[in-house]
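> Sharing a model that was predicted from the sequence below.
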Amino acid sequence: MAYSRMPREGLIGRILLNGAAALAMVYILLPLFFVFWLSVFNQEIPSFPPDGYSLRWFSALAEYREFASGFILSLQVGVIATFVGLVLGLPAALVIVRSQINGRGFFNSLLLAPMVVPGVVLGTALYVFQIEAEIATDLPLMGSFLGLVIAHSLIVVPWTVRLICANLVGIDRTIEEAAYNLGAGPITTFFKITLPMIRPGLVAATLFGFVASFGNLEMSLFLVGPGRTTLPIAILQYLEWKIDPTVAAASVLQIALIALALLITDHYVKLSRVV
Amino acid sequence: MASLDLQSLTKSYGDNRVVADVSLHVAQGEFLVLLGPSGCGKTTTLRMIAGFVEPSSGNILIGGKDITTLPPWRRNCGMVFQNYALFPHLTVAENVAFGLQMRKVESIEQRKRVKDALTMVRLEHLAGRYPREMSGGQQQRVALARALAIEPDILLLDEPLSNLDAKLREEVRVEIRELQRKLGLTTILVTHDQEEALTVADRLVVMNGGHVCQIGDKRDLYERPADRFVASFIGRSSFIEGHIKGQGLFESTDGLQLKVSREINLGPATLAIRPERCRLGTSAQTCDNHLTGQVEFVSYLGSALDIHVRLGTQTKVIVQLSNQESVKEPQLGETVQIGWASTAGLLYPSDQGRESYGGL
Ligand SMILES: Nc1ncnc2c1ncn2[C@@H]1O[C@H](COP(=O)(O)OP(=O)(O)OP(=O)(O)O)[C@@H](O)[C@H]1O
Ligand SMILES: [Mg+2]
């Protein structure tokens, strides 16, 4: 009897699950949809319903220099910070997961801290630190490209550490032992066996690290100098004067870029396997 | 191919002596099996030989050369891991070629040896697959091919068959044994499955609690178990507690007088009897030990029958009958004649090895 009821319960379960998933999708996608829609409104002051549709805000985007330079800067900072985050994150993850030394729990929490500390607090702290450092050393740190890269590396590191750790934990140590057994030394084993096995983690770390840096607003607000603004800040500044759909167009481009990155990554490593 | 010697090999984790003073010699081309219950230190011993665990004391010699301090990648031991440990990102052929690349074997030779190794395990047609696309048995054979391709001095197998189903296990076991014989490989296999051990081994080492209990061939271990533990671990035994009363006489705790042929000192002792050495019915009367008892339990094993016979309040003996047409299955509660030759009984001082493994 219980047997005959099974399919029915399974069906109800499936409907509930699919319903919940659909609801979540709508909740996530609805704002995106409105951004897309707004970006093709014809009129300058968004009102509803739109007078008509045009792509002119996208061309306005290209003409507005602040966005272009902000985009370039965000890209540069994001790429370098991600690289730094990987270079720091990989050895850190190896120590956290593999070594027996005392205090690696503390070390782990320390490296994850930038993810937990609010961006504004982080920004203020770095701002004060960079001023002090500049006074002490006479190096032009405040508002510099270097200062920005250092700060962004800080918010990339938790992502790289976490994602690489997650991947490392799942790796069977006997596979590396098998490599030793076949005559490979520790360095060869690391490059030929360990690294390829944590490739999904590395790819995910790169992606999420870059996105965290590229989209960062709160912390960067404190650290940019004159004539040097990142894209999110450029958008914010633009909004102080105008509310035309150019901003929506900028967002659409940003979303498209990140979506593209996700799709390319997913082609090489199934993201559902790492996050 | 070379001989292997372990000299007083010991491994302690803190106060816990996991492997205690293990010494043994494995001749070139010999198939040795390390056998023992879970946690007795088999894997640890094997991992010390492969170089993954550093011994606390003692030496390891391969071909007479001391390699105790050599790192694993300089040892030339081929190991097959319990979980196969194949490289997931490499194809079968690349997995097998890995050891050859590390040895800088030139590529034409490499390809030939990979092909040979895969042919040996009958997987040459799957060279391009990835490990995840193969069954457990196939992966196991890839792991074997990978270890064989490097032409190791010593082949180490850590429960290589435990993930296979019973039928496949039997097949692969025979395959491994044939390959080993053909290549003349010095081999150590670790297992806790005595049937597996008995079918493949030239010699067996029975371990318990980190110690070697006995080293010998199958017959030694079965006919002359060195202690009570071995008697219960290799094959089966019924144990009778009691004491030696005098010249060739053993008295059980519940008062049965039994003749024994082997002498040990007077005092508490355990008598062990193999189920297949006991007789039932009229033929029991020809034995120099014959008693009557009640059938308490009968278990049907297909090719044989196990008859549990109670002889006294604390004495129960199992008799194994081969299942022939003439055999009449005794009824529960039936009174039967039971007997065994005094030479079939094995005697052990009572306090020996009892804590570690229960008998029947
Ligand atoms: N790194 C370690 N630290 C502490 N104790 C250990 C360590 N490795 C193994 N042991 C202990 O050593 C003992 C022997 O372990 P080992 O793995 O050699 O057993 P085994 O005979 O292979 O058992 P099994 O048949 O279950 O595989 C166990 O009691 C285990 O708890
Ligand atoms: Mg083991």
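In hand now; what should we look at? Ligands and ions are numbered 1, 2, ... in the order given.
> Relative to B:G36, how far out is B:D193?
11 Å (CB to CB, to the nearest Å). From N, CA and C alone the C-beta is placed, and that goes for glycine too.
> Report the secondary structure state of residue 18.
All of this is about chain A. Recorded secondary structure, A:N18: helix (DSSP: H, G, I helix; E, B strand; the rest coil).
> wait, chain B
Here B:V18 is strand, with the state taken from three-state DSSP.
> Could you give the number of residues near it?
Other residues near B:V18 come to 19 when the count uses other CB atoms under 10 Å in any protein chain shown.
> and stretch B:70-87, how far from the chain's centre?
Centroid separation for stretch B:70-87 versus its chain: 22 Å, with CA atoms, centre = their mean, to the nearest Å.
> which bits of chain B sit near chain A?
Contacts of chain B with chain A, taken as CB under 8 Å from any CB of the partner chain, map to B:50-52, B:71-79, B:81, B:83, B:85-89, B:98-99, B:102-103, B:146-147, B:150.
> quick one: which of those sit in helices?
B:50, B:98-99, B:102, B:146-147 (DSSP state H).
> Quick check: A:A133 touching A:L146?
No. At 11.1 Å, A:A133 does not count as touching A:L146 under the criterion of CB atoms under 8 Å.
> So for those two, which residue has more residues nearby?
For the pair A:A133 and A:L146, the greater number of neighbours falls to A:A133 (15 against 12), based on other CB under 10 Å.
> check contacts around that one.
The contact partners of A:A133, by CB atoms under 8 Å, 6 or more residues apart in numbering or on different chains, come to A:139, A:141.
> Name the helix or strand for it, please.
Per DSSP states H and E, A:A133 falls inside helix A:119-137.
> Poorly predicted segments of chain A, please.
Residue ranges of chain A with pLDDT under 70: A:1-9, A:271-275.
> same thing but 50
Residues of chain A that meet the criterion pLDDT under 50 lie in A:1-2, A:4.
> Ok, chain B next?
Low-confidence segments of chain B (pLDDT under 50): B:352-360.
> Nearest to ligand 1: which residue in the stretch 1-150 of chain A?
A:Q100 (10.7 Å; CB to the nearest ligand atom).
> And the stretch 101-250 of chain B, by the same measure?
For the stretch 101-250 of chain B, CB to the nearest ligand atom, closest residue to ligand 1: B:H192, 4.8 Å.
> what residues are up against that residue?
Contacts of B:H192 by CB under 8 Å, 6+ apart are B:35-38, B:42, B:159.
> swap the cut-off to 6 Å and go again
If you count contacts by CB atoms under 6 Å, 6 or more residues apart in numbering or on different chains, B:H192 has them with B:S38.
> quick one, phi psi at it?
Main-chain dihedrals, B:H192, degrees, to the nearest 10: phi -110, psi 10.
> What of A:G185?
Note on A:G185: its backbone torsions stand at phi -70, psi 180 [degrees, to the nearest 10].
> Buried ones in the helix or strand containing B:R181, by neighbour count?
Using DSSP H and E, B:R181 sits within helix B:166-183. For helix B:166-183, burial by neighbour count (16 or more other CB atoms under 10 Å in any protein chain shown) applies to B:168-169, B:172-173, B:176-177, B:179-180, B:183.
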